[in-house]
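> how would this look folded up:
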Amino acid sequence: MFQKKQKIYSETQGVCIVENIVQLPAGKGETLPYYVLKSISDEKTSYIPVNNHQVNLRELFTEDEARELLQSPELEKNEQLKAAVNYVLQSKE
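Down below sits the predicted model:
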């Protein structure tokens, strides 16, 4: 589980900050925990279920992982991934 204020990578939004973890109604009086993610590139906010989410979420890449991804053919196909790798490498300079 990610923590509030943690920077993570979302396959749909790129680098995001976990702004909060909230409980949202799920029907029949039940609630489910959701991440409130804010994209650092365009400041869009999204709500992703903590459990059983379909969007790939992961911890932000390390500098070494980002450098390895520079060699990946996937990088040229995926703008979110490319922006995230650049973000990590620029933040280390």
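> what about the strands in the chain?
7-10, 14-27, 30-39, 45-49, 57-59 (DSSP state E).
> contact partners for the residue lying closest to residue 31 once chain neighbours are set aside?
Computed as CB to CB, 6 or more residues apart in numbering, the closest residue to residue 31 that is not its neighbour in sequence is residue 23, at 4.0 Å. C-beta coordinates here come from the backbone N, C-alpha and C atoms, glycine included. Residues in contact with residue 23 (CB atoms under 8 Å, 6 or more residues apart in numbering) are 31-34.
> the lengthiest helix in the chain to strand 14-27, inter-axis angle?
Across the chain, the longest stretch assigned as helix under DSSP state H is helix 79-91. Angle, helix 79-91 to strand 14-27, by axes from the mean of the first three to the mean of the last three CA atoms, to 10 degrees: 120 degrees.
> which secondary structure elements does helix 79-91 contact?
strand 14-27, helix 63-69, helix 74-77 (3 or more CB pairs under 8 Å, 6 or more residues apart in numbering; DSSP states H and E).
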